[in-house]
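>>> 3D, please:
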Amino acid sequence: MSHDFNQDSYAEPGYGWLFFAGSMMGIAGIMRIFDGIWALRVDNSAPLDGALLGTDVSTYGWAWLLLGVILLLCSFMVLTKSQFARWIGIIGGAVLAISAIWWMPFYPVWSLMYVFVGVMIVYGLAVYGSRDAPQP
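Got it, this is the predicted structure:
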């Protein structure tokens, strides 16, 4: 029994980018959930002078938990290939990148990784997520 790779879903043009975007959003969502849990449990001794949402680490904990859940849901939705999920994913990737910029002065390497992943998610979904996606 032979398989025709052109008929398999993983051989569709841009499928790798969609899988990458969905997987990265899931991983980033899990990481943000862990960040949120950490922030809710920390003793509020982090240096947050001049931070965007104030100096209370628990505020960031709740924001990260919410963002993590949104990213995780977007991940599953993108993997179902719906156009609604594509736009939610683009917004989720953009929020991931933008929210990481706020922490650049405090955790530069970690923040740059979040920005990079967010930009790659937006690129993959914007270029290869539409019904008229170009052939790679």
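>>> for the residue most central in space within the chain, what are its contacts?
Nearest to the mean C-alpha position of the chain, counting by C-alpha atoms, centre = their mean, stands residue 25 at 3.4 Å. Applying C-beta atoms under 8 Å, 6 or more residues apart in numbering to residue 25 gives the contacts 71-72, 74-75, 78, 89, 92-93, 96, 121. All C-beta atoms are positioned from the backbone trio N, CA, C, and that covers glycine.
>>> Helices along the chain, start to end?
When assigned using DSSP state H, the helices of the chain occupy the ranges 15-41, 57-79, 83-101, 108-128.
>>> ok, the closest residue to residue 58 other than its chain neighbours - contacts?
Of all residues not flanking residue 58 in the chain, residue 40 sits nearest, at 5.6 Å (C-beta to C-beta, 6 or more residues apart in numbering). By C-beta under 8 Å, 6+ apart, residue 40 lies in contact with 58, 61-62, 65.
>>> Which of the residues you listed are buried, as a ChimeraX select command?
Those of the contacts of residue 40 that count as buried under 16 or more other C-beta atoms under 10 Å are selected in ChimeraX with:
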select :61,65
